[in-house]
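Colleague: Predicted model, plus sequence, below.
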2 protein chains.
Amino acid sequence: MNEKEKQFPFLRACHRQPTPYTPIWLMRQAGRYMKEYRALRKKYSFLAMCKTPEMAAQVTLQPLKHFKLDAAIIFSDILIPLEPMGVEFEFAKGEGPVFHRPVREMKDVERLKIIEPEEETPFLMEAIRIVRRELGGKVPLIGFSGAPFTLASYIIEGGYSKQYIFTKGMMYQDRPTWDALMEKLSRVLVHYLNAQVRAGVQALQIFDSWVGCLSPADYEEYVLPFSKKVIKGLDRSVPVIHFGTSTSTLLPMMKKAGGDVIGVDWRLDLGEAWARLGYHVAIQGNLDPVVLMGPVDRIRREVKRILDQAGGRPGHIFNLGHGILPGTPVENVGALVDMVHEYSSMMKQGKGERLR
Amino acid sequence: MNEKEKQFPFLRACHRQPTPYTPIWLMRQAGRYMKEYRALRKKYSFLAMCKTPEMAAQVTLQPLKHFKLDAAIIFSDILIPLEPMGVEFEFAKGEGPVFHRPVREMKDVERLKIIEPEEETPFLMEAIRIVRRELGGKVPLIGFSGAPFTLASYIIEGGYSKQYIFTKGMMYQDRPTWDALMEKLSRVLVHYLNAQVRAGVQALQIFDSWVGCLSPADYEEYVLPFSKKVIKGLDRSVPVIHFGTSTSTLLPMMKKAGGDVIGVDWRLDLGEAWARLGYHVAIQGNLDPVVLMGPVDRIRREVKRILDQAGGRPGHIFNLGHGILPGTPVENVGALVDMVHEYSSMMKQGKGERLR
């Protein structure tokens, strides 16, 4: 980090350094809730937008023009590295991603390629470079990927799943294939994330969005070794945020995986989560995205509750517990960002109780 | 309870009395994994089977013929009381229930009827009477319903949901409608469950299957008062099991709702769950249903782990963490039941370590 970067509240919070207010960014802050985004999506597919550097850069910057967010996150998708690995998918209307040839056996794993991200996802690296240039040092830029488990679950199930029968089935019934797949995904993710750092991102987030379907014992046995390996392989000149949902019983092990920041959802109180993790990791979260749909006085109540739970301790990054929902009123997003800044800066000056 | 009923290990465990082995039953133990069941389902719809007393009774008894289960559960569905309340639904192929006119406003709630279960779901009461007769006191029979939240979520969303946007939206944006709906559902559920007791069930389970989507604060504010009211209104000559999934952070409040037994899923260790609840409630759970798909040595390992966590303490009822999956090999179910009986009876005789 250079001297200027050291002053960004978001990066300082990742390293648990004091900040004048609690920094905030929002998962899917560039998304369908914004008019500008919807206008582009009418003309281009989601994947076309991800793969066109100028467009991805433009979309990344859209929310920054309207809201005082403390970080940008590159517009992309966790599934992007899978296509060059040889796992094709499409976004079926209203259904999320569909993989027509799911990975179920060793021979499926064997045909997966270890990618060279600069060559095979150059559009992402170029988008990162454009955004860094355009941002001109205003706020830091976050790069990201899925975690090995969440990506494995998509390609094994063939899409989003409720019960993860095939994913857990592979764990329990065909350990060598599971290990080979997780190993390959882990290697790809290390390359892919480090390439983003080389291109210019100043922090990384690893999304293990669906890992909460596992028992703690299964997480420890089948997932932790690989998540740990990914994080260990990263260029740690940038902080790493490790995020999942429904992870309340997995937190002690997610901490062992080694990220600087653990992202949590609304299913547990942020105060309890942090106490359980211990205060030598930073924490990110945890407003329920449905709360952001309104009304505003309800949002205010929750913001206050979450910030009170964090207690003004250095190392809290405000975020939702999952991505912004498409129908969220755009004015609520602005209101949230301002509330978090206002209330947390009053708290940090010892005036928290004055804001009602 | 009469003298004979007092000896049933399942009922004794509900009351935390010592038993010679850990009793076991399985959610959806009458279901698609069984050949006899599939044969009937080829000829009749799921709802027709629920609504024909002889058939519902027959299906209830099928698993008891094959496995040494410690309880029967009446074959029915949590949605059954909704139709006479005036909320129509159908089971769309592969999609679960679909409600074409979701309940979203006060006027929708106002048109819901408070049902008289003996008159409006007589088939269920008749099925219960037949099963009790046929069982001849072999094992106790469990009756059940959905919990107010889970039923509300179905009729507000119009089916199964990933994000519960409309359900939480009603909570946050239209509290009077939410309260009126939950109040009405609670009244119906008290009637409906007590009618099952009058018809002959010897225990009750309340399924709050989807409540784990809520934050602890929202559970406390919007759900707990109603779940408590339902349980308080029940004929407590029979024990009440209160079940949910993804509830690790909600357990202290589920305990406050007042059930005799708390049902937990595999997302937390049973030992930790019980410690968190305190040992003056019984606990039910918590094998991951995917584990039951095999292999058998994996099932054995998990059975041992769960029983070791329960520590032979009176008040553990073995079950899955959710319903049996349709593709489960039937022989695994028999193997599970026998393993639980065998290992737990050795444990209770102080010989746990001998079983490998």
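Modeller: Nice, I can see it.
Colleague: Tell me if I'm right that residue A:250 and residue A:215 touch.
Modeller: No: taking contacts as C-beta atoms under 8 Å, residue A:250 lies outside contact range of residue A:215: 9.1 Å. C-beta: built from backbone N, CA, C; applies to glycine.
Colleague: confidence score at residue A:356?
Modeller: Here the pLDDT value assigned to residue A:356 is 42.
Colleague: count of residues packed around residue A:220?
Modeller: Residue A:220 sits with 15 neighbouring residues when counted by other C-beta atoms under 10 Å in any protein chain shown.
Colleague: for it, what are its contacts?
Modeller: residue A:253 (C-beta atoms under 8 Å, 6 or more residues apart in numbering or on different chains).
Colleague: Point out the residues in chain A that sit beside chain B.
Modeller: A:163-165, A:168-169, A:172-173, A:212-218, A:246, A:248-249, A:266-269, A:272, A:288-291, A:293-295, A:298, A:305, A:325, A:327 (C-beta under 8 Å from any C-beta of the partner chain).
Colleague: Among these, name the ones in strands.
Modeller: Among the residues of chain A next to chain B, DSSP state E puts none in strands.
Colleague: from those residues, which would you call buried?
Modeller: The neighbour-count test (16 or more other C-beta atoms under 10 Å in any protein chain shown) marks A:164-165, A:168-169, A:172, A:212-216, A:218, A:246, A:248-249, A:266-269, A:288-291, A:293-294, A:298, A:305, A:325 as buried among the residues of chain A next to chain B.
Colleague: Pull the contacting residues for residue A:90.
Modeller: A:97, A:98, A:100.
Colleague: What residues are bridge-paired with the first one?
Modeller: Put plainly, it is residue A:97. residue A:91 (DSSP bridges).
Colleague: my read: it touches residue A:154, true?
Modeller: Yes: with contacts counted by C-beta under 8 Å, residue A:97 reaches residue A:154, the gap being 6.4 Å.
Colleague: quick revisit: now the contacts of residue A:90 as CSV including neighbour count?
Modeller: Shown next, in CSV, are those (neighbours: other C-beta atoms under 10 Å in any protein chain shown):
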residue, neighbour count
A:97, 19
A:98, 15
A:100, 10
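Colleague: Lowest-confidence entry in the residues you listed?
Modeller: Lowest pLDDT among these: residue A:100, 92.
Colleague: Read off the pLDDT value for the residue nearest to residue A:233 when sequence neighbours are not counted.
Modeller: Sequence neighbours aside, residue A:190 is the residue nearest to residue A:233 in space, at 3.6 Å (criterion: C-beta to C-beta, 6 or more residues apart in numbering or on different chains). Residue A:190 carries a pLDDT value of 98.
Colleague: Which of the helices or strands spans residue A:190?
Modeller: Following DSSP states H and E, one finds residue A:190 within helix A:175-199.
Colleague: In that helix, which residues are buried?
Modeller: Of the residues in helix A:175-199, A:177-182, A:184-197, A:199 count as buried by neighbour count, 16+ other C-beta under 10 Å.
Colleague: I'd like to know which elements it is packed against.
Modeller: helix A:106-110, helix A:117-120, helix A:122-135, strand A:141-146, helix A:148-157, helix A:165-173, strand A:203-208, helix A:224-232 (3 or more C-beta pairs under 8 Å, 6 or more residues apart in numbering or on different chains; DSSP states H and E).
Colleague: could I get these as a markdown table with mean pLDDT and distance to residue A:37?
Modeller: A markdown table is the format used below for these (pLDDT from 0 to 100; distance: least, C-beta to C-beta, whole Å):
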| stretch | mean pLDDT | distance to residue A:37 |
| --- | --- | --- |
| helix A:106-110 | 98 | 35 |
| helix A:117-120 | 97 | 25 |
| helix A:122-135 | 98 | 15 |
| strand A:141-146 | 98 | 18 |
| helix A:148-157 | 98 | 23 |
| helix A:165-173 | 97 | 31 |
| strand A:203-208 | 98 | 20 |
| helix A:224-232 | 98 | 30 |
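Colleague: Any chance of TSV for these, columns distance to residue A:60?
Modeller: As requested, the helices and strands packed on helix A:175-199 are exported to TSV (distance: least, C-beta to C-beta, whole Å):
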stretch	distance to residue A:60
helix A:106-110	33
helix A:117-120	18
helix A:122-135	5
strand A:141-146	8
helix A:148-157	22
helix A:165-173	31
strand A:203-208	14
helix A:224-232	23
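Colleague: Against residue A:200, how distant is residue A:237?
Modeller: 12 Å (C-beta to C-beta, to the nearest Å).
Colleague: Between these two, point out the one with more neighbours.
Modeller: For residue A:237 versus residue A:200, the count of surrounding residues by other C-beta under 10 Å is larger for residue A:200: 18 against 8.
Colleague: Wait, a helix at residue A:88?
Modeller: No: counting by DSSP: H, G, I helix; E, B strand; the rest coil, residue A:88 is not found in a helix; it is coil.
Colleague: How many residues are close by it?
Modeller: Residue A:88: 11 neighbours (other C-beta under 10 Å).
Colleague: Pretty sure it sits against residue A:98.
Modeller: No: in this structure residue A:88 lies outside contact range of residue A:98 using C-beta under 8 Å: 9.9 Å.
Colleague: Tell me how many other residues surround the residue in the stretch 1-150 of chain A that chain B sits nearest to.
Modeller: Closest to chain B within the stretch 1-150 of chain A is residue A:96: 9.5 Å, counting by C-beta to the nearest C-beta. Neighbour count of residue A:96, defined by other C-beta under 10 Å: 13.
Colleague: Let me see the contact set for it.
Modeller: A:159, A:160.
Colleague: any idea how far it is from residue A:208?
Modeller: Taken as C-beta to C-beta, the span from residue A:96 to residue A:208 is 17 Å.
Colleague: ditto for residue A:70
Modeller: Distance of residue A:70 to residue A:208, given as C-beta to C-beta: 23 Å.
Colleague: Ok, residue A:20 next?
Modeller: 31 Å.
Colleague: Looking at these two, which one has more neighbours?
Modeller: A count of neighbours by other C-beta under 10 Å puts residue A:208 above the other of residue A:20 and residue A:208, at 27 against 12.
Colleague: Help me confirm that the more buried one comes into contact with residue A:243.
Modeller: Yes: the pair residue A:208 / residue A:243 is scored as a contact, 6.7 Å apart, by C-beta under 8 Å.
Colleague: anything in contact with each of the two?
Modeller: Counting by C-beta under 8 Å, 6+ apart, residue A:208 and residue A:243 have no common neighbour.
Colleague: What ranges in the stretch 251-356 of chain A fall below the confidence cut-off?
Modeller: Within the stretch 251-356 of chain A, the segments meeting pLDDT under 70 span A:351-356.
Colleague: all strands of it, in order?
Modeller: Here the stretch 251-356 of chain A has its strands, by DSSP state E, counting those that start in this stretch, at A:261-263, A:282-287, A:316-320.
Colleague: I'd like those strands as CSV, with mean neighbour count and distance to residue A:254 appended.
Modeller: CSV is the format used below for the strands of the stretch 251-356 of chain A (neighbours: other C-beta atoms under 10 Å in any protein chain shown; distance: least, C-beta to C-beta, whole Å):
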stretch, mean neighbour count, distance to residue A:254
strand A:261-263, 26, 6
strand A:282-287, 26, 11
strand A:316-320, 27, 16
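Colleague: Just tell me which of those strands ends up closest to residue A:10.
Modeller: Between residue A:10 and those, the shortest separation by C-beta to C-beta is 6.5 Å, and it involves strand A:316-320.
Colleague: Give me the contact list for that closest one.
Modeller: A:10, A:13-14, A:22-27, A:70, A:241, A:261, A:263, A:270, A:274, A:282-289, A:292, A:303, A:306-307, A:310, A:340, A:344.
Colleague: now swap in stretch A:75-87 and tell me
Modeller: Against stretch A:75-87 from outside (C-beta under 8 Å, 6+ apart): A:30, A:46-47, A:49-50, A:56-57, A:59-60, A:89, A:97, A:99, A:101, A:103, A:111-115, A:117, A:120-121, A:124, A:127, A:144-146, A:150-151, A:154-155, A:184, A:188-189, A:192, A:207, A:209.
Colleague: Quick one: end-to-end length of it, please.
Modeller: 21 Å (C-alpha to C-alpha, to the nearest Å).
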